[in-house]
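Participant: Need a 3D model of the sequence below.
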Amino acid sequence: MGLNDSYPMRRLSISTLATLAVCAAEPARTAAAQAGAEAQIVAAERAFAAAAGRDGFRDAFLAFAHDSALAFAPEPANAKAVWRGRPRTPGLLMWYPSFARAARSGDLGFTTGSYTSADSAEHVTGHGQYVTVWRKTADGWRFAVNVGITNPRPMDPAPEWRPRADSATSAAAVDPDAARSLAAADSLFVAQARRNGFAAAVQAYGDAELRVLRPRLPPRVGQNPSVAAAMLDRARRYTARPKGATASAAGDLGWTWGEYRYENSGAGRRETGHYVRIWARDGGSPWRLLLDVVAPRPAERDE
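Facilitator: Alright, predicted model coming up:
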């Protein structure tokens, strides 16, 4: 997982990222490779965390990033280029997955959970939540995007991931229009949020297992808690601009990203940044929002 902090970095040209990427993830090669995909991505996440402890998190991120992986630093850029531009900073970053989901086609999935950061003397310096979207490659699972937020130390540690009874995947039909319909769902969510507020959009599109992750706040798990939390922030106007959408070959899981803006005119509460949303659906049913996390830019004030 990663933090959206102020490490030294190299700014890159990303015109290809700024256009809507309507693309489907590669299909898994065989049904055998698809079985237990959730367990596979959890194993990849744990190996990623172990590498961070062994080799340092800079080198771990370079080793586990897909060549096209996206990072927000704070602007969207190629993750490998971002991490190559950062020093090998002393310290520890420890994390584990609490929730995972994989596509039936076994080519795309995500993990999320808690992290703890510490200095070189192993004194704890922070806590937070991370989200990693994984894609299957010929060399194994590599992350497509990674976002981390800081929040208060949890009262109780989050449980570690346990396999679901129905988590094994099997061969699934390819849906070539899935990314396009996913992009449309994200655009409809944005339009609803602009007209009626973010809470209304969460109410309309949120899955029962929805997770909403925001900096400095405890995670909201479940649609109703997420709506209730969004209602507390209804004084701020929400607008967004979708940028990309990627769906699994089976068309049952996907992720979107874009730029967002919150503002309460004249109140000094403007916030801008980028969002990542993870979506799921069954068969031909509508897409439902499964996770929403943000990567804010440094704090701004209303003009």
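Participant: Please count neighbours and contacts with C-alpha atoms only from this point.
Facilitator: Noted.
Participant: And the strands in the protein?
Facilitator: Taking DSSP state E as the criterion, the chain contains strands spanning 21-24, 65-72, 76-78, 92-102, 108-118, 124-137, 140-150, 206-213, 220-221, 237-247, 253-263, 271-280, 288-296.
Participant: Mind putting the ones you listed into CSV with mean neighbour count?
Facilitator: Compiled in CSV, the strands of the chain are given as follows (neighbours: other Cα atoms under 10 Å):
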stretch, mean neighbour count
strand 21-24, 19
strand 65-72, 21
strand 76-78, 23
strand 92-102, 22
strand 108-118, 24
strand 124-137, 22
strand 140-150, 24
strand 206-213, 22
strand 220-221, 18
strand 237-247, 22
strand 253-263, 23
strand 271-280, 22
strand 288-296, 25
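Participant: Of those, which is nearest A50?
Facilitator: Of all the strands of the chain, strand 92-102 sits nearest to A50, with 8.4 Å by Cα to Cα.
Participant: Output that closest one as PDB, nothing but the C-alphas.
Facilitator: The C-alpha trace of strand 92-102 is given here as PDB (Å, rounded to 0.1, in the frame of the first residue of the first chain):
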ATOM      1  CA  LEU A  92       9.000   0.800   8.300                       C
ATOM      2  CA  LEU A  93       5.600   0.400   6.600                       C
ATOM      3  CA  MET A  94       3.600  -2.600   7.800                       C
ATOM      4  CA  TRP A  95       0.200  -3.600   6.500                       C
ATOM      5  CA  TYR A  96      -2.200  -6.600   6.000                       C
ATOM      6  CA  PRO A  97      -5.400  -7.200   4.000                       C
ATOM      7  CA  SER A  98      -8.800  -7.300   5.700                       C
ATOM      8  CA  PHE A  99     -11.000  -7.500   2.700                       C
ATOM      9  CA  ALA A 100     -10.400  -8.800  -0.800                       C
ATOM     10  CA  ARG A 101     -12.500  -9.400  -3.900                       C
ATOM     11  CA  ALA A 102     -11.500 -10.900  -7.300                       C
END
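Participant: Let me have the strands of the chain in CSV, adding mean pLDDT and distance to A191 as columns.
Facilitator: Converted to CSV, the strands of the chain look like this (pLDDT from 0 to 100; distance: least, Cα to Cα, whole Å):
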stretch, mean pLDDT, distance to A191
strand 21-24, 42, 19
strand 65-72, 96, 24
strand 76-78, 97, 22
strand 92-102, 89, 27
strand 108-118, 92, 26
strand 124-137, 93, 25
strand 140-150, 95, 24
strand 206-213, 95, 15
strand 220-221, 93, 23
strand 237-247, 96, 8
strand 253-263, 96, 12
strand 271-280, 96, 15
strand 288-296, 97, 15
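Participant: Quick one: closest of the ones you listed to F57.
Facilitator: strand 92-102 (6.8 Å).
Participant: In the sheet, which strands lie alongside that closest one, parallel or antiparallel?
Facilitator: Here strand 92-102 is paired, per DSSP bridges, with strand 108-118 (antiparallel).
Participant: isn't W83 right next to F61, touching?
Facilitator: Yes - if you go by Cα atoms under 8 Å, W83 and F61 touch, sitting 7.0 Å apart.
Participant: among the strands of the chain, which is nearest A44?
Facilitator: A44 sits nearest to strand 140-150 of all the strands of the chain, at 6.4 Å, using Cα to Cα.
Participant: Strand partners (parallel or antiparallel) of the closest one?
Facilitator: In the sheet, strand 140-150 lines up against strand 65-72 (parallel), strand 124-137 (antiparallel) (DSSP bridges).
Participant: chain center to it, what's the gap?
Facilitator: Offset of strand 140-150 from its chain centre (Cα atoms, centre = their mean, to the nearest Å): 7 Å.
Participant: CA atoms only for it - export them in PDB, please.
Facilitator: Listed next in PDB are the C-alpha coordinates belonging to strand 140-150 (Å, rounded to 0.1, in the frame of the first residue of the first chain):
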ATOM      1  CA  GLY A 140       2.000 -13.000 -11.400                       C
ATOM      2  CA  TRP A 141      -0.100 -10.300  -9.700                       C
ATOM      3  CA  ARG A 142       1.000  -6.700 -10.000                       C
ATOM      4  CA  PHE A 143      -0.700  -3.600  -8.700                       C
ATOM      5  CA  ALA A 144      -2.500  -1.300 -11.100                       C
ATOM      6  CA  VAL A 145      -3.100   1.500  -8.500                       C
ATOM      7  CA  ASN A 146      -2.500   2.000  -4.900                       C
ATOM      8  CA  VAL A 147      -3.900   4.600  -2.500                       C
ATOM      9  CA  GLY A 148      -3.400   5.200   1.200                       C
ATOM     10  CA  ILE A 149      -5.000   7.500   3.600                       C
ATOM     11  CA  THR A 150      -4.100   8.500   7.200                       C
END
